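Visitor: Quick one, what's the 3D model for this:
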Amino acid sequence: MSEKFEVDIVRNLKDLLQAFDLRREEFVKKQKVPEHLEFDGNDFSSTQILAKDNGKPIATMRIRYFHDFVKFERLCVIPEYRKKNIPEKIMDFCAQVLKEKGFDKALFFCRPELVKYWKSHGCIPVQGMPDTEAEGMKLCPMSWNFSQKGDFLEIKTPASFFLADEGKWKQSGR
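Guide: Numbers count the residues shown, from 1 in each chain. Reported below is the predicted structural model:
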């Protein structure tokens, strides 16, 4: 991993298409998920995340928003970066942005062989929620609680913050 490694919110069509290319390669081509199931209407209402190493797209994830939690979905890391803690870096980045939006917990599903890995990173299985299956793959529900920062955007927050790009509120003078 180079010194140019970065994780950010997708802010333009070029980056969105790069994120979709990563998902297409991993999920549609390799895992044989039908394209119409991989790319659904939720892509239009989600926040897309893209990680790059020296400008090269290496990982992506999307975030969907619910009442008091978010759902991490479609996490995809290219093979040569899978042993380099990229998922944790993406989740840490997302936690920082999400805290400012007032969220403090996330739901995600993982394969059974990854439960131990995610538990070692502070995630826990969701009690009372059964495992599920998607496209022939067993998935275990996991949750991650990240502490509330306390400095989140509210309805009375000055308008200038809401006019800033997603996740760039601090740069607008907050």
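Visitor: Pick out the residue closest to the middle of the protein.
Guide: M61 (3.9 Å; Cα atoms, centre = their mean).
Visitor: Give the buried residues for the host helix or strand of it.
Guide: According to DSSP states H and E, M61 maps onto strand 56-65. For strand 56-65, a neighbour-count test (16 or more other Cβ atoms under 10 Å) marks P57, I58, A59, T60, M61, R62, I63, R64 as buried. For glycine as for every other residue, the C-beta is placed from the backbone atoms N, C-alpha and C.
Visitor: tell me what that strand is packed against?
Guide: For strand 56-65, the packing partners by 3 or more Cβ pairs under 8 Å, 6 or more residues apart in numbering; DSSP states H and E come out as helix 13-23, strand 47-53, strand 70-77, helix 86-100.
Visitor: now the shortest one against helix 86-100, angle please.
Guide: Going by axes from the mean of the first three to the mean of the last three Cα atoms, to 10 degrees, strand 47-53 is angled at 140 degrees with respect to helix 86-100.
Visitor: Pairing partners for strand 47-53, with directions?
Guide: Sheet partners assigned to strand 47-53 using DSSP bridges are listed as strand 5-9 (antiparallel), strand 56-65 (antiparallel).
Visitor: Minimum distance to P158: which of the ones you listed has it?
Guide: P158 lies closest, by Cβ to Cβ, to one member of the strands paired with strand 47-53: strand 5-9, at 21.1 Å.
Visitor: The helix or strand bottoming out on mean pLDDT in the chain packs against which elements?
Guide: Among the helical and strand segments of the chain, the one scoring lowest on mean pLDDT, DSSP states H and E is helix 159-162, with a mean of 78. Helix 159-162 is packed against no helix or strand, with contacts defined by 3+ Cβ pairs under 8 Å, 6+ apart.
Visitor: Going by neighbour count, which residues in that helix are buried?
Guide: F161.
Visitor: Also stretch 29-36?
Guide: Those would be V33, for stretch 29-36 by 16+ other Cβ under 10 Å.
Visitor: ok, residues contacting that stretch?
Guide: Here stretch 29-36 makes contact (Cβ atoms under 8 Å, 6 or more residues apart in numbering) with R24, F27, V28, E135, M137.
Visitor: how far does that stretch sit from the chain's center?
Guide: Distance, stretch centre to chain centre, for stretch 29-36: 20 Å (Cα atoms, centre = their mean, to the nearest Å).
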